[in-house]
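Undergrad: prediction below, plus the sequence it came from.
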Protein chains: 2
Amino acid sequence: MKKNISTQTAVLDDQDAASFTERFRRGDLFSDQCPSRDVLKHITSRWGVLILVALQGQTLRFSDLRRKIKGVSEKMLAQTLQALESDGFVKRISYPVVPPHVDYSLSALGEEAAQQVAGIANWIEDKMPEITQARQAVAAEREQEAAARAEN
Amino acid sequence: MKKNISTQTAVLDDQDAASFTERFRRGDLFSDQCPSRDVLKHITSRWGVLILVALQGQTLRFSDLRRKIKGVSEKMLAQTLQALESDGFVKRISYPVVPPHVDYSLSALGEEAAQQVAGIANWIEDKMPEITQARQAVAAEREQEAAARAEN
DNA sequence: CAACATAAATTACTTTTAGTAAGTACATGC
DNA sequence: GCATGTACTTACTAAAAGTAATTTATGTTG
């Protein structure tokens, strides 16, 4: 933490400190250091989104998830599941058998989060043709500009 | 691409190749290599979410965004804006004046995307107290388990 | 007239994160 | 006694993000 030099800044910092807890109790994603940023990070992480959508309304084993979410490594799957578990979105139930058997499912909070990210996921899948078209249009524009710059 | 050894796998690969375009025309986020994965990456990237929400319904300059989104570096802001522009979500208008003036706003497609991510953003901010509680509960559980393991 | 400020980047460099491949534990079937 | 299946973990490498200084062109200040 920064040391205060003048009395005035000290007072200002104290006001900040007083509102700090209150400001972060309800999340504020535009604020640096707000814990909600970590939650956003976990939920919207590359594999977090897909895990949440995959587990919506169903229980799956580790290997099921690995098969369903094409391209995820065991390391990242385990890591992301642990992050989501820490946030209370994912429930992990381990049966002490050999070979191991571990079930993953969503908590009530996790199902809510999953609905939100499913919104994005479905929107992207739906609009993918439009997006592809838009990407090509932007790329074409850029080429034209590049050609115009080359003439000078 | 893998070389086919038997005729049978060749046929299977041809089927895959035939359906490849069709399978990816509409996005499939669970498929590896589907272009929709890149779009998801851009939209749900650490700063992508915040940029989309910040630009919802309004035009902002580069420096406005930098001020609004606390903690973003100039490099990452520029980089993420470029990615979102490539996907056709963000419109960039540069006025050739000194000092430079560049306006950023959302396209129709971008506004739709922003609505989706705003859903997550608002949900997190709303539920942050609950999430904080859940996290503490999970942390407490883990400590208990750790203590139980230590007894053995 | 030289120094400085300004907005929007970009570049070089460091640190953090993600990806890859191999290893671990233990019972069961061949 | 060696391969198999499951859910991880670990060591290493590649990629991405963070940090700080530099760029560009011009108008204002001293």
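TA: Sure, I can see it.

Undergrad: any regions of chain A where pLDDT drops low?
TA: Applying pLDDT under 70 to chain A picks out residues A:1-24, A:149-152.

Undergrad: contact residues of it facing DNA strand C?
TA: Where chain A comes near DNA strand C, counting by Cβ under 7 Å from any atom of the strand, the residues are A:45-47, A:73-76, A:79, A:98-100. For glycine as for every other residue, the C-beta is placed from the backbone atoms N, C-alpha and C.

Undergrad: the longest helix seen in chain A versus helix B:108-151: what angle between them?
TA: The helix spanning the most residues in chain A, taking DSSP state H as the definition, is helix A:108-151. With axes from the mean of the first three to the mean of the last three Cα atoms, to 10 degrees applied, the angle from helix A:108-151 to helix B:108-151 works out at 130 degrees.

Undergrad: do helix A:108-151 and chain B come into contact?
TA: Yes - against chain B, helix A:108-151 shows contacts by Cβ under 8 Å from any Cβ of the partner chain at A:109, A:112-113, A:116-117, A:119-121, A:123-132, A:134-135, A:137-139.

Undergrad: can you pull the buried residues of the strand or helix carrying A:G48?
TA: Assessed by DSSP states H and E, A:G48 sits inside helix A:46-55. Neighbour-count burial for helix A:46-55 flags A:47-55 (criterion: 16 or more other Cβ atoms under 10 Å in any protein chain shown).

Undergrad: residues contacting the residue most central in space within chain A?
TA: With distances taken as Cα atoms, centre = their mean, A:T44 lies nearest the centre of chain A, 1.6 Å away. With contact taken as Cβ atoms under 8 Å, 6 or more residues apart in numbering or on different chains, A:T44 is in contact with A:117, B:44-46, B:49, B:120.

Undergrad: re the thing from before, can I have the buried ones of the residues of helix A:108-151 next to chain B as a ChimeraX selection?
TA: Taking 16+ other Cβ under 10 Å as the burial criterion, the selection of buried members of these in ChimeraX is written as:
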select /A:109,113,116,117,119,120,121,123,124,125,127,128,131,132,134,135,138
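
Undergrad: ends of stretch A:84-91, what's the gap?
TA: Start and end residues of stretch A:84-91 are separated by 9 Å (Cα to Cα, to the nearest Å).

Undergrad: right, is that stretch up against chain B?
TA: Yes - judged by Cβ under 8 Å from any Cβ, stretch A:84-91 comes into contact with chain B at A:85-88.

Undergrad: between these, which is nearest chain B?
TA: The nearest member of the residues of stretch A:84-91 next to chain B to chain B, counting by Cβ to the nearest Cβ, is A:G88 at 2.8 Å.

Undergrad: now do the contacts for that closest one.
TA: By Cβ under 8 Å, 6+ apart, A:G88 lies in contact with A:107, A:109-110, B:131, B:134-135, B:137-138.

Undergrad: hmm, the strand or helix carrying A:L65 in reach of chain B?
TA: Secondary structure assignment for A:L65, by DSSP H and E: helix A:62-68. Yes - remark: helix A:62-68 sits within contact range of chain B at A:K68, by Cβ under 8 Å from any Cβ.

Undergrad: what packs against that helix?
TA: Judged by 3 or more Cβ pairs under 8 Å, 6 or more residues apart in numbering or on different chains; DSSP states H and E, the packing partners of helix A:62-68 are helix A:46-55, helix A:74-86, strand A:101-106.

Undergrad: among the ones you listed, which is nearest A:R66?
TA: Set against A:R66 and scored by Cβ to Cβ, the helices and strands packed on helix A:62-68 come closest in helix A:74-86, at 5.8 Å.

Undergrad: give me the buried positions along the closest one.
TA: Neighbour-count burial for helix A:74-86, counted by 16+ other Cβ under 10 Å, picks out A:77, A:80-81, A:83-86.
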